[in-house]
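[1] Sequence below, structure please.
(one chain, ligands or ions: 1)
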Amino acid sequence: MHSRLKALLARAAIKSASLYSPSHLRNSRVVPIGDYTTVANVVENNVCSKHQSLSRQPVLSRRRFCGYAAEQFSDDEYECDYENHPPSSSVANIDEWKWKISMLLQNDTDQEIISRDKRDKRDFEQISNLAKRMGLYCQLYGKVIVASKVPLPNYRPDLDDKRPQREVVIPLSLQRRVESLLQEHLDRTSLNSKKACQISNEIESTNPVENVDSAEHADPFLDASVMEKVLQRRSLRLRNMQRTWQACISFECDELYYCEPTYCSFFDSHQLGDVGHADSLVASKPESPEGRRMLDFRKSLPAFKEKERLLQAIARNQVVVISGETGCGKTTQLPQYILEANIESGRGAFCNIICTQPRRISAMTVAERVSAERGEPLGESVGLLSVSS
Ligand SMILES: Nc1ncnc2c1ncn2[C@@H]1O[C@H](COP(=O)(O)OP(=O)(O)OP(=O)(O)O)[C@@H](O)[C@H]1O
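    You can find the predicted model right below:
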């Protein structure tokens, strides 16, 4: 062993009073060390005694007299392995690894070493043996080696190169089904285009509020293109209303007064179909003290700060897993961010969001809470669906 390394190890042991040693190693690898009471003693003693006996004793018999710490850093044991499995060129710098690991052991703040030098399995075994002898855990993730002071999991998403590019693979049968449904839809659309135009014209000539109603209670066999047009019109109206409402809440109260009907019809536009319902929403309008409080509360949640990042991630990926501390707004805020973003992009009426809860009572509470935050009675844009298994 290099004298510099020994000195470092001895100093590390003295400094920290004990070297990091995982419990499983402590139990299985501690050998009697006579009168030595501290790891530092063991290291120092071994440094001296090993020099005296190195040339005379065979490796295995010497090892019997090594203390735990000494055994960890014994060159002999490493040399033994090394002789049986000569190093490939990439681990020829094993001393560098020893040095890195000993530095990690001395360092209270760092927890692990990550090496991205592409290594094969045998390189890993050598480094892993060394790390384990020095009291660390070691794991290979693809071609990345991690030596850590704490136990390592089988999978590390942060070291998975493929993770960001990973696609959700749709089974072939499902792809075919989607294709055939799409084809069916296109065929039907072209066949009925004349009829669709006629119905569409009729709908457009009636009251827009009635349009919504007719869409809500639409004949399921009503041509899809008509439905599409109705939804598009409703989406545009939603967007105008949301924009007007956003502009309104940035003004002072006097001006808000004039905007009330618009705001109410924003909610109305989901389903109410009648501006007259606005009266029932007065208590929870954003411009009311209660509504203001609600808005301020929503903005104070940790999820609000991440809103843009979350929406970008959702827009760019098929599947997004979001984790956050309890109460940060995952359940009540994220669906609203998505709805608001869809309304803004003119797709509000096409947007369906389903939130699941394991229990009926929590589903009810969440639905009530979200509808209250939106200033609506339950059953408008936010509803509740109970599915029993
Ligand atoms: N019914 C309610 N009444 C009052 N405040 C509520 C209600 N539901 C949620 N909140 C508040 O809204 C905030 C966001 O709650 P939300 O349920 O969205 O958090 P979450 O991140 O989903 O939490 P969890 O991980 O526990 O499900 C919380 O701080 C909570 O206090």
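
[2] can you pull out the helices in the stretch 101-250 of the chain?
    Secondary structure of the stretch 101-250 of the chain by DSSP state H, counting those that start in this stretch: the helices cover 121-133, 172-191, 193-205, 208-216, 224-249.

[3] Out of those helices, which gets the lowest mean score?
    Here the helices of the stretch 101-250 of the chain differ in mean pLDDT, and the lowest is helix 208-216 at a mean of 49.

[4] okay, now residue 143: neighbour count?
    By the measure other Cβ atoms under 10 Å, the count of residues near residue 143 is 16. To be clear about C-beta, it is placed using only N, CA and C from the backbone, and glycine gets the same treatment.

[5] can you check residue 151 too?
    The burial count for residue 151: 10, using other Cβ under 10 Å.

[6] quick thing: my sequence starts at 57, can you match it?
    All set: I'll call the first residue 57, so the last point we hit is now residue 207.

[7] separation between it and the ligand?
    Using Cβ to the nearest ligand atom, to the nearest Å, we find residue 207 at a distance of 27 Å from the ligand.

[8] What sits closest to that residue if chain neighbours are left out?
    Distance criterion Cβ to Cβ, 6 or more residues apart in numbering; nearest residue to residue 207, sequence neighbours excluded, is residue 193 at 5.3 Å.

[9] Report pLDDT for the one you found.
    According to the prediction, residue 193 has pLDDT 93.

[10] Contact partners for it?
    Residue 193 is in contact with 78, 187, 203, 204, 205, 206, 207, 208, counting by Cβ atoms under 8 Å, 6 or more residues apart in numbering.

[11] go on, residue 384?
    Contacts for residue 384 (Cβ under 8 Å, 6+ apart) come out as 357, 358, 359.

[12] Within reach of the ligand, which of the residues you listed are there?
    Contacts with the ligand are made by residue 357 out of these, judged by Cβ under 6 Å from any ligand atom.

[13] Can you turn the buried subset of the contacts of residue 384 into a selection I can paste into ChimeraX?
    Burial among these is assessed by 16 or more other Cβ atoms under 10 Å; the matching ChimeraX selection reads:
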select :357,359
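
[14] Out of the contacts of residue 384, the closest to the ligand would be?
    residue 357 (5.6 Å; Cβ to the nearest ligand atom).

[15] my read: the closest one touches residue 389, true?
    Yes. Between residue 357 and residue 389 there is a contact at 5.9 Å, judged by Cβ atoms under 8 Å.

[16] picking that back up, highest neighbour count among the contacts of residue 193?
    residue 187 (25 neighbours).

[17] Columns pLDDT and secondary structure on top of the contacts of residue 384, output as CSV?
    Output for those, formatted as CSV (pLDDT from 0 to 100; DSSP: H, G, I helix; E, B strand; the rest coil):
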residue, pLDDT, secondary structure
357, 94, coil
358, 94, helix
359, 94, helix
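
[18] What is the nearest of the contacts of residue 384 to residue 291?
    Using Cβ to Cβ, residue 359 comes nearest to residue 291 of the contacts of residue 384, at 24.8 Å.

[19] how far away is the nearest residue to that closest one once chain neighbours are set aside from residue 156?
    Excluding the flanking residues, the one nearest residue 359 by Cβ to Cβ, 6+ apart is residue 385, at 3.1 Å. Here the criterion is Cβ to Cβ, to the nearest Å. By it, residue 385 lies 42 Å from residue 156.

[20] okay, those two: which has more neighbours?
    When neighbours are counted by other Cβ under 10 Å, residue 385 comes out ahead of the other of residue 385 and residue 156, with 22 against 16.

[21] Now do the contacts for the more buried one.
    Listed by Cβ under 8 Å, 6+ apart, the contact set of residue 385 reads 354, 357, 358, 359, 360.

[22] just residue 209 next, same as before
    Going by Cβ under 8 Å, 6+ apart, residue 209 touches residue 195.

[23] 10 Å instead, please
    Going by Cβ atoms under 10 Å, 6 or more residues apart in numbering, residue 209 touches 195, 197.

[24] hmm, back to that, max pairwise distance over the contacts of residue 385: which two?
    Using Cβ to Cβ, these span at most 11.3 Å, a distance reached by 354 and 358.

[25] shared neighbours of those two, anything?
    With Cβ under 10 Å, 6+ apart, residue 354 and residue 358 have common neighbours 385, 389.

[26] Could I get the pLDDT score of the residue in the stretch 107-256 of the chain that the ligand sits nearest to?
    Across the stretch 107-256 of the chain, the shortest distance to the ligand (Cβ to the nearest ligand atom) belongs to residue 213, at 20.1 Å. Here the pLDDT value assigned to residue 213 is 79.

[27] how many neighbours does it have?
    10.

[28] what do you get for residue 239?
    By other Cβ under 10 Å, 10 other residues sit near residue 239.

[29] And for residue 191?
    20.

[30] surely it meets residue 161?
    Yes. With contact defined as Cβ atoms under 10 Å, residue 191 counts as touching residue 161 (7.2 Å).

[31] Give me the common contacts of residue 357 and residue 389.
    Listed as contacting both residue 357 and residue 389 by Cβ under 10 Å, 6+ apart are residue 363.

[32] Am I right that residue 394 is in a helix?
    Yes. Counting by DSSP: H, G, I helix; E, B strand; the rest coil, residue 394 is located in a helix.
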